[in-house]
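Undergrad: turn this into a structure:
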Amino acid sequence: MLTIKGKTIHDSTFQKKIEKEVKILDLSNIELKEVNLEPLVECKKLKGLRIAENQLVEINLEPLKECKKLEYLGLYSNQLEKVDLKPLKKCKKLQTLALDSNQLREIELEPLTGCKQLQSLSLDNNQLKTVNLKPLTGCKELEKLWLYKNQLKDVDLEPLSECEKLQYLKLDNNQLK
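TA: The predicted structure follows:
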């Protein structure tokens, strides 16, 4: 595990410190305003990536499409306004995706249709006005879905009937009718 916490890093430092054999990378709470994930293209064994509690407004997840063993991605407590999840389509082993406590106004969940092992999805404490849950019908392992503290007015929960393992759904503190 490579953990870089409590200090600010620069791109050159990140590229020098990253190892091809790293399985878990934690870049949390280091005041990051931007991060280039390109060095992770070579990290074929990466299982967990946490870039939380920073000041990121945007992030390009494209390099993660090569991280086929990725099980955990935590991007919570940043200032992300949008996140393109398309690169995660190839992350078939993804179990946890935490995007809570950001500034997301919209999110396209379609790329998660290929994430058959997804168990937990955190989208709470954002500014989502709508969310299409239909792409989650293929996520048969989904157990937890957090959507509370958004600006949701209407949510079609019918697609979740396909998620037989769903145990926890939190929708409070929205503007639901």
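Undergrad: residue 55 belongs to a helix?
TA: No. Assigned with DSSP: H, G, I helix; E, B strand; the rest coil, residue 55 falls outside any helix and is coil.
Undergrad: helix/strand/coil for residue 113?
TA: Put simply, residue 113 is helix when judged by three-state DSSP.
Undergrad: that one contacts residue 134, correct?
TA: No. With contact defined as C-beta atoms under 8 Å, residue 113 does not reach residue 134; the gap is 9.1 Å. Yep, even glycine has a C-beta here, placed from its N, CA and C like the rest.
Undergrad: all helices of the chain, in order?
TA: For the chain, applying DSSP state H gives helices covering 11-17.
Undergrad: for it, give me the ranges with low pLDDT.
TA: Along the chain, the model assigns pLDDT under 70 to residues 1-17.
Undergrad: what bridges to the residue nearest to the spatial centre of the chain?
TA: Nearest residue to the geometric centre of the chain (C-alpha atoms, centre = their mean): residue 97, 3.8 Å. Note on residue 97: beta-bridge partners by DSSP bridges are residue 73, residue 121.
Undergrad: show me where the chain has strands.
TA: Under the criterion DSSP state E, strands of the chain are mapped to 2-3, 24-26, 48-50, 72-74, 96-98, 120-122, 144-146, 168-170.
Undergrad: and those as CSV, adding distance to residue 80?
TA: Output for the strands of the chain, formatted as CSV (distance: least, C-beta to C-beta, whole Å):
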stretch, distance to residue 80
strand 2-3, 21
strand 24-26, 18
strand 48-50, 14
strand 72-74, 12
strand 96-98, 11
strand 120-122, 13
strand 144-146, 16
strand 168-170, 20
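Undergrad: out of those strands, nearest to residue 109?
TA: Taking C-beta to C-beta, strand 120-122 is the member of the strands of the chain nearest to residue 109, at 8.1 Å.
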